[in-house]
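Participant: prediction below, plus the sequence it came from.
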Amino acid sequence: MTFDPLNPPKIVVIIPAYNEAQSIGLVLAEIPAIVSEVIVVNNRSTDETVAVAEKAGAKVLTENKMGYGHACLKGMAYVAQMEKLPEIIVFLDGDYSDFPEELLDLVAPITNDGYDFVVGARKKALREAGSMTPQQVFGNALACTLMKLFFRATFTDLGPFRAIKYKRLLDMNMSDTTYGWTVEMQLKALRNRLKYKEIGVRYKKRIGVSKVSGTVKGTIFAGVKILGWIFKYSFK
């Protein structure tokens, strides 16, 4: 990644977190120093997530409305009040399944090549065995196939590790409060004709149990939300 060392881009990371005390410190320790601020949004954790994140130097917010999207929106509301707004927002999970140092690879197409939006794709060759459940693999493939069919999209994954220009994110007027957040962003990137791309990122088994794919209810609800967004947009 290249940028003007006298005027580097302001990058802010938003991490939704629910009971990630075992992993959040590891995530925060590996975020590159180029990041201006890291926001951890505590989504009603009952463990030591808040204490660990604060000790590691993150700005910790609390969102009592359960839901991945609720947490992301809380982080965005905080960003909107900053005296100096960021150029780039990076979304990252708190379960240590991603490699935070690859943030540099995610933002490089934005800073170097004028892209608006970059998704970290959890490609099979880069994934640790067992890091994604069969239902996750199938759901991602189905969603991306439908986006290709309806919108000629080139996405292959709904990976949560992603970077986007802050102004373009605001233009999206994001609204999903639960599991549809990632696909909503990708659909709105298509609708708004953003310059986007995927880059392959490594992916390992998360620490702890997934709140989505780790339960039957979470898996079904996530699938319904994702397909709902796709079909909603396909008939607009």
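Facilitator: In hand now; what should we look at?
Participant: so what's the residue count around Leu26?
Facilitator: For Leu26, the tally of surrounding residues (other Cβ atoms under 10 Å) stands at 16. Just so you know, the C-beta spots here come from the backbone N, C-alpha and C atoms, and that holds for glycine as well.
Participant: that one contacts Ser97, correct?
Facilitator: No: here Leu26 does not reach Ser97: they are 10.8 Å apart, not a contact under Cβ atoms under 8 Å.
Participant: name the residues contacting each of these two.
Facilitator: Overlap of the contact sets of Leu26 and Ser97 (by Cβ atoms under 8 Å, 6 or more residues apart in numbering) consists of Ile207.
Participant: burial of Ala141, as a residue count?
Facilitator: Neighbour count for Ala141, taken as other Cβ under 10 Å: 12.
Participant: and what of Asp176?
Facilitator: By the measure other Cβ under 10 Å, the count of residues near Asp176 is 21.
Participant: and what about it, helix, strand or coil?
Facilitator: coil (DSSP: H, G, I helix; E, B strand; the rest coil).
Participant: quick check: it vs Thr145, distance?
Facilitator: For Asp176, the distance to Thr145 under the criterion Cβ to Cβ, to the nearest Å works out to 21 Å.
Participant: same check on Val41?
Facilitator: The gap separating Val41 from Thr145 is 31 Å, by Cβ to Cβ.
Participant: the protein: helices as residue ranges?
Facilitator: If you assign secondary structure with DSSP state H, the helices in the chain sit at 24-29, 49-55, 68-80, 103-113, 134-151, 166-172, 181-191, 216-234.
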